[in-house]
Every structure is written in structure tokens, then in C-alpha cells.
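> Sequence plus predicted model, see below.
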Amino acid sequence: MDPFVYKKGVLYCEDVSLAKIAKKVGTPFYCYSSAHLKNRFNAYKTGFGPRKHLICFAVKANSNLAVLSCLGNLGAGADIVSGGELYRALKAGIPANRIVYSGVGKTKEEMAYALKNSIAMFNIESMEELQQLSKVAKKLGQRAPIAFRVNPDVDPKTHPYISTGLKKNKFGLSREQALEAYALALKDPHLSIKGIDCHIGSQIVELDPFIDAFKRLKELVVQIEKMGISLSFIDIGGGLGISYKDENPPAPQTYISAITDEAKDLPQTIIVEPGRSICGNAGVLVTKILYVKENDAKRFYIVDAGMNDLGRPSLYDAYHEIKPVQQTVAPSYKETDVVGPICETGDFLARSRPMPDLASGSLLAVLSAGAYGFTMSSNYNSRPRVPEVMVYGNRFHVVRRRQTWQDLVAGESIPKGESC
Ligand code: LLP
């Protein structure tokens, strides 16, 4: 169920009016529905049924502590890609034994931090990384739990920037390399082989690529076990898409039942690393029209949120639906560019979009902004990061305050005794 619906002409998040939140916190702000997070997480859980599994939420999609804690309480683990994400996951109360560490460029400091905290597994992406981890583990007198990320070479049929499972992408090891890697790791006293991993891309709206990838993993599992290695985990990564406009992705239950069907003869715990499909449609970015401007060619709504707050439209030409917070009566639509205050032509939230006539001061909600929205935001143009608000039924809380101008310069200094 969509948590963002009009009630008496005003857009609500669950039982709280977005206009009311705007009054309290100002604009722009991100707003998340805890009920939606819960529904989506539980949809994954239902798909698994009695099967042993671990749902590791991809922290990169939304790393707010309140979001992580909400999911952690429901039983989620975390898929992390940096020491910072590990810090957040632990701080939010997610147990270390539910945390998997992905990413091609883990540093030795990050490895040591994760080892000291006894995370469940490192997903290794190169031989050099393996050697580095082994050295760090030796120094700490530990055995590092590992899986190899295999690049299954399947086409996820998604945006090229977020497709990761093809040979030409930088991710994972080929099947041949992986087999060699398992043989090497087996002999290393500082490594403990736990599983196999893959992740083929993001915003995937068809089942086939997932099934193809899983079948390829299964073949490898057989070969690996023939080497005398027993695996506890099969990690299938994240990537399930959501509907931004008219996409019709499978529901998490459907996707997971298809995988568990394929896995029925396998004893391993299945790990999944969903990000977007849990939090994408749980969030909106609320922004205010500062100025309306029109020329012969176009109408512009200049709003107070920019590409630094939500980068997806500029980066991927991504479509995010935009709705007025105050519903318009009998609207007439006109092609409009919804643009931010940043000094770049690429600073837009929507282009040539039929929008109703609205006056400056009106609030807009940019939908499907709960994943890769705030986490990809920046301070470009020295714009403070916007607050994040979480709704729980008829209550809301500011779960990250708006940055101040002082925050912007915190940590900077002008060297004494130097002049230019
Ligand atoms: N696991 C790994 C190893 C990943 O690299 C990713 C995402 C995920 C899980 C979660 O994927 P999801 O379930 O969210 O699709 N910034 C882009 C998306 C980049 C995704 C990167 N990796 C966007 O805004 O569309």
C-alpha cells in the first residue's frame, strides 16, 4: 500500500500531513514512512517462508539511523560497503553477525574494524583484496570469514551505470578466477570460506536475469563443493526494482519464492541484499516553489531543492513523479521544467513534465525518493543538507536535523602564517 495518499486534498505520509511537517521543519526535507519499510521488509520475509535466510538491507540506499534501526528491529542485517556504513549499522543496533561487507575497494583499516567487530562475511572481489584481508586477519590473530563475489556475466537489462554483473564491469571475479580463488583461500589459515556472492545490478524489473544468475551460481556451488569446501551462505545481492513511473517489477515475495524454488535442493542460508525495493517508495522529498518563470519556450518551477539534494534525475535522467502537496482542483496541465537553485543546466528534478498551474509558495512532493536520495546528496553550492523525517502512524520525528552554515565549515581551517 502506498503510504503517500491525498486526504481531504492534502498529501499525507501515513496519518501525517506533509504540509504540517513542512510548517514544522521548513523545506526541503525528506520524509520516510516506517509502515512502508516494514511492509516491504516483511514481503521479503514472507517470500522466504521457513527457509533459512538473512535479509541484509543495503545501507547505501538509505543510511539514516532511524531507518536502519527500524529494519534491524524487524530482523534485518546490513550489506555495507565502507567503514562508515559499518559504524552506522552497529550504532543502529544491527548485530555484527548479520552484517556482510561488499565493495571492490576495502582498505586495511576498514578490514580491521570489521574483523574486530566479527561481521558475518567479507564479499571479496579481487585476489589482491584477498591477500590484503589475509594479512590483516593474521595480524589480528583471526580467521576472516569470506565469500567470493562472482561476476555471472548476465545482462540485467537496466541502466548501464547501475548494471554490475557483466564481464566488462569492474565487479567480482569470473567463474574461472573464482575457482582458483577458492582453492587458494582453502589453504590459507587466516581465511575461513563461508559462501559465494553475486550482485548483477540495480532497478531490475524482470525475474529472468535473477534466475539466470542464480542458476550460474548453483553450477559453481557444485564445483566448489567438489573441492571439499562446504558453503554456509549463498548471497544473491540486491537489485530488485521499484515502480517510479509505469514499471511493473515483481513483488519481493514473487522474486524470493522463485529463488527459493531454484534453491530447494541446496542446504545453504540464502542472503539477499535489497536496498531500493525496501526503502525507495518509502520516501519523498518535499520542496517549495520559490519562483515561477515563463518564456516563449517553457515554464519553469524554480524550487528550493536541487541536484545536490536529489541527484538521480541529473545523474541518470531518472524519472521521479512529482505531486503538489495541496491537491489542485480541476487542474490544467502545462509542460514544465522543475529546476533547482544550483548554477548548472543539469540541475533539474523533472523536464518537460505536464504540471498543474501552481503559484510560488506551493509545496511539491518528489516521489520514490527514499532510496539513493539523501545518501547521494552533497553540499554542492554550499547548500546545507536537508533534514530527514520519519513518520510512525500519526507521529513524526526529525531523524536528522537540517545542517547549518556552521556545519558547512566545520573541520575547515585557514593555515596560520601562510599567505597567498
Ligand atoms: N548489494 C550490492 C553489492 C550493491 O552494489 C547494491 C547497489 C545493492 C546490494 C543494493 O541494490 P538495490 O537493491 O538497491 O538495487 N545510485 C543508483 C543505484 C546504485 C546501486 C549500487 N549498488 C541509483 O540511484 O539508481
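On my side now, so go ahead. Numbers count the residues shown, from 1 in each chain.

> shaky segments in the stretch 101-250 of the chain?
159-170 (pLDDT under 70).

> Would you map the helices across it?
Listed in chain order, the helices of the stretch 101-250 of the chain (DSSP state H, counting those that start in this stretch) span 108-116, 127-140, 175-186, 208-226.

> Now name the helix or strand holding residue 20.
Assigned by DSSP states H and E, residue 20 belongs to helix 18-25.

> rewinding a little: would you mind giving the helices of the stretch 101-250 of the chain as JSON lines with distance to the ligand and mean neighbour count added?
C-beta here means a position set from N, CA and C on the backbone, and glycine is covered the same way. Conversion of the helices of the stretch 101-250 of the chain to JSON lines gives the following (distance: least, C-beta to the nearest ligand atom, whole Å; neighbours: other C-beta atoms under 10 Å):
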{"stretch": "helix 108-116", "distance to the ligand": "15", "mean neighbour count": "18"}
{"stretch": "helix 127-140", "distance to the ligand": "14", "mean neighbour count": "17"}
{"stretch": "helix 175-186", "distance to the ligand": "16", "mean neighbour count": "16"}
{"stretch": "helix 208-226", "distance to the ligand": "11", "mean neighbour count": "17"}
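
> closest to residue 302 out of those helices?
helix 208-226 (39.8 Å; C-beta to C-beta).

> Same list (the helices of the stretch 101-250 of the chain) but as TSV, adding distance to residue 255.
Compiled in TSV, the helices of the stretch 101-250 of the chain are given as follows (distance: least, C-beta to C-beta, whole Å):
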stretch	distance to residue 255
helix 108-116	28
helix 127-140	29
helix 175-186	23
helix 208-226	7
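
> What count of nearby residues applies to the residue lying closest to residue 103 once chain neighbours are set aside?
Spatial nearest neighbour of residue 103, excluding adjacent residues (C-beta to C-beta, 6 or more residues apart in numbering): residue 81 at 3.8 Å. Using other C-beta atoms under 10 Å, the number of residues around residue 81 comes to 18.

> Quick check: residue 81 vs residue 119, distance?
According to C-beta to C-beta, to the nearest Å, residue 81 and residue 119 sit 12 Å apart.

> Give me the common contacts of these two.
Taking C-beta atoms under 8 Å, 6 or more residues apart in numbering as the contact rule, residue 81 and residue 119 both touch residue 101.

> Near the ligand, which residues of this protein are found?
Counting by C-beta under 6 Å from any ligand atom, the residues of the chain close to the ligand are 58, 60-61, 79, 102, 162, 199, 202-203, 237-240, 273-277, 312, 371-372, 376.

> could you redo the last one with a cut-off of 8 Å?
Within the chain, the positions adjacent to the ligand are 58, 60-61, 79, 81, 102-103, 123, 149, 159, 161-162, 164, 171, 197, 199, 201-204, 237-241, 273-278, 280, 311-312, 315-316, 318, 371-372, 376 by C-beta under 8 Å from any ligand atom.

> From those, list just the buried residues.
Of the members of the residues of the chain next to the ligand, the ones counted as buried by neighbours, 16 or more other C-beta atoms under 10 Å, are 58, 60-61, 79, 81, 102-103, 123, 149, 162, 164, 171, 197, 199, 201-204, 237-241, 273-278, 280, 311-312, 318, 371-372, 376.

> Show only the entries of the residues you listed found in strands.
Among these, DSSP state E puts 58, 79, 123, 149, 197 in strands.

> My read is that residue 137 contacts residue 143, right?
Yes. If you go by C-beta atoms under 8 Å, residue 137 and residue 143 touch, sitting 6.1 Å apart.

> residue contacts, the closest residue to residue 127 other than its chain neighbours?
Leaving aside its sequence neighbours, residue 127 sits nearest to residue 181 (C-beta to C-beta, 6+ apart; 6.3 Å). Counting by C-beta under 8 Å, 6+ apart, residue 181 touches 124, 127, 130, 148, 173.

> run the last query once more with 7 Å
Counting by C-beta atoms under 7 Å, 6 or more residues apart in numbering, residue 181 touches 127, 130, 148, 173.

> Please tell me how far the closest residue to the second one other than its chain neighbours sits from residue 172.
It refers to residue 130. Residue nearest to residue 130 in three dimensions, not counting chain neighbours: residue 124, with 5.1 Å by C-beta to C-beta, 6+ apart. Relative to residue 172, residue 124 is positioned 9 Å away (C-beta to C-beta).

> Mutual contacts of the two, please.
The contact lists of residue 124 and residue 172 share residue 149, where a contact means C-beta under 7 Å, 6+ apart.

> Grab the nearest non-local neighbour of residue 48.
Nearest non-adjacent residue to residue 48 (C-beta to C-beta, 6+ apart): residue 256, at 5.6 Å.

> list the contacts for the one you found?
Here residue 256 is in contact with 44, 47-48 (C-beta under 7 Å, 6+ apart).

> quick one, what contacts residue 45?
Listed by C-beta under 7 Å, 6+ apart, the contact set of residue 45 reads residue 55.

> and it, what pLDDT?
If you check residue 45, the pLDDT there is 97.

> and if you look at the one 10 residues further on?
At residue 55, the pLDDT value in this model is 98.

> Using the three-state scheme, assign it.
Three-state assignment for residue 55 (DSSP: H, G, I helix; E, B strand; the rest coil): strand.

> so what's the one residue in the stretch 51-200 of the chain that gets nearest to the ligand bridging to?
At 3.4 Å from the ligand, residue 58 is the closest residue in the stretch 51-200 of the chain, using C-beta to the nearest ligand atom. In this structure, residue 58 bridges to residue 79 when assessed by DSSP bridges.

> Quick check: it vs residue 123, distance?
Separation of residue 58 from residue 123 (C-beta to C-beta): 12 Å.

> From residue 276, how far out is the residue nearest in space to the middle of the chain?
With distances taken as C-alpha atoms, centre = their mean, the chain has residue 61 as the residue nearest its mean C-alpha position (1.7 Å). With distances taken as C-beta to C-beta, residue 61 is found 6 Å from residue 276.

> Now do the shared contacts for those two.
Common neighbours of residue 61 and residue 276 (C-beta under 7 Å, 6+ apart) are 371-372.

> Look at residue 42 and say how many residues are nearby.
Residues near residue 42, counting by other C-beta under 10 Å, number 15.
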